[in-house]
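Engineer: sequence and computational prediction follow.
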Amino acid sequence: MAKARPVRGATVNRESSRFSLPERLADGDWLDALEDVDGALPPLRTSVTVETPRAIITRNQSPDIGFDRSINPYRGCEHGCIYCFARPTHAYLDLSPGLDFESKLFAKPSAGELLRAELMKPGYSCRPIAFGTNTDPYQPIEAEWKITRGCIEVLAETDHPLTITTKSDRVVRDIDLLAPMAAKGLAAVALSVTSLDAKVARTVEPRAPHPERRLTAVRRLADAGIPTVVSIAPVIPAITDHEIEHIVERAAESGARTITYLPVRLPHEVAPLFRAWLDTHFPDRAGKVMAIINSLRDGRDNDPNFFTRMRGSGPWADLLRTRFQIAMKKHGLNREWLRVRSDLFHPPRGPQGELF
């Protein structure tokens, strides 16, 4: 059984990349060989590498998500959520989706300039841009790098719609930009709350803010007139599923306009990481958790099919859906995603335009 590192999610870092040459040890693995101090592994340091992409807007054609373009200011995420479906993207970089994903981060400081250039292109067609679709735009390094804020500044200037999904109350820092946009129907924010139990949250999402801080952020956003969603993403059977009704209640009390949920997904390298995490933190119920997940996912660790991958299938999926719908109705919430408008967009002014 692997030992847990202090304030880290994954317990292992040995998964080889599907995209690499022969397997190699990641730079941080030498720390694992150090002598334990009082039975605990030493802290794993976080590094940030500057990335210089050619473009910043990523497009997709998935039929089961409500946006066709997104911006990810960072690769990797220090929040360390063990279930994060973005972990396999680190394999593209010949890094581990395990501890590397949450400790070897990449920042894109040119994102704002790239966004401005893309919005100025002739024929650009405006549709909402989603933040937080891969890694969290308000993870801890955003406090220093401010890349997310730089992008929002460009979108606010051009009346371009956006949506944000985050696990962090750091989003309230940008209320000064988001509130005027929301007043025009251009912005909506989703806060992810997976558990109200501080101990469980610290284990599942070790570097994400406390659940109460996220709910306080929901209230502050709502009070500022910003349409706000609470997302129970994901629901982990036999670990957090018993909290659904309570989270829905707290979301309504905090001013959320709607609420959504998503059964846990375990694509590619996430499944073995999740199994190792269960063996370390929840050995008493690891088998039960995976049995229910397999039931939700048509007998597999993961169902990659469109639509069912977001909802799950079978009796457990039906039960979750029924409980969720009853709780929403009780507290006057619905599951309709908040809409933002696209008809106010105007391209940014270029350097020459500013001369006149």
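Structural biologist: Noted; the coordinates are in hand.
Engineer: how close does residue 227 sit to residue 161?
Structural biologist: 12 Å (CB to CB, to the nearest Å). Every C-beta, even on glycine, is put in place using the N, C-alpha and C of the backbone.
Engineer: hang on, I meant residue 115
Structural biologist: 14 Å.
Engineer: what do these two both touch?
Structural biologist: Between them, residue 115 and residue 161 share these contacting residues under CB atoms under 8 Å, 6 or more residues apart in numbering: residue 155.
Engineer: any figure for the gap between residue 228 and residue 202?
Structural biologist: 24 Å.
Engineer: comparing those two, which residue is more hemmed in?
Structural biologist: residue 228 (27 against 15; other CB atoms under 10 Å).
Engineer: look at residue 182 and say how many residues are nearby.
Structural biologist: Residue 182 has 21 nearby residues by other CB under 10 Å.
Engineer: what's the pLDDT at it?
Structural biologist: With respect to pLDDT, residue 182 scores 98.
Engineer: give the other helices and strands that the host helix or strand of it contacts.
Structural biologist: Using DSSP states H and E, residue 182 sits in helix 175-183. Packing partners of helix 175-183 (3 or more CB pairs under 8 Å, 6 or more residues apart in numbering; DSSP states H and E): helix 147-157, strand 187-192, helix 211-223.
Engineer: tell me which of those sits most buried.
Structural biologist: Using mean count of other CB atoms under 10 Å, the stretch among those with the largest mean neighbour count is strand 187-192, at a mean of 26.
Engineer: what strands line up against it, and which way round?
Structural biologist: strand 162-166 (parallel), strand 228-235 (parallel) (DSSP bridges).
Engineer: now render these as TSV, adding distance to residue 349 and mean pLDDT.
Structural biologist: Output for the strands paired with strand 187-192, formatted as TSV (distance: least, CB to CB, whole Å; pLDDT from 0 to 100):
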stretch	distance to residue 349	mean pLDDT
strand 162-166	19	98
strand 228-235	31	96
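Engineer: of those strands, which is nearest residue 338?
Structural biologist: Nearest of these to residue 338, taken as CB to CB: strand 228-235 at 6.2 Å.
Engineer: could you pull out the buried residues of the top helix by length along the chain?
Structural biologist: If you go by DSSP state H, the chain has its longest helix at helix 315-330. Across helix 315-330, burial judged by 16 or more other CB atoms under 10 Å covers 316, 317, 320, 323, 324, 327, 328.
Engineer: what about the helix or strand of the chain with the lowest mean pLDDT, distance to the chain center?
Structural biologist: Ranked by mean pLDDT, DSSP states H and E, the helix or strand of the chain with the weakest confidence is helix 308-311, at a mean of 82. Relative to the centre of its chain, helix 308-311 is centred 17 Å away, using CA atoms, centre = their mean, to the nearest Å.
Engineer: pLDDT weak spots in the stretch 1-150 of the chain?
Structural biologist: Low-confidence segments of the stretch 1-150 of the chain (pLDDT under 70): 1-42.
Engineer: could you pull out the helices for it?
Structural biologist: 99-103, 111-119, 142-145, 147-157 (DSSP state H, counting those that start in this stretch).
Engineer: list the residues that contact both of residue 227 and residue 161?
Structural biologist: residue 187.
Engineer: between those two, which one's more packed in?
Structural biologist: residue 161 (23 against 20).
Engineer: just to revisit the earlier point, adding distance to residue 304, write the helices and strands packed on helix 175-183 out as TSV.
Structural biologist: As requested, the helices and strands packed on helix 175-183 are arranged in TSV below (distance: least, CB to CB, whole Å):
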stretch	distance to residue 304
helix 147-157	29
strand 187-192	22
helix 211-223	29
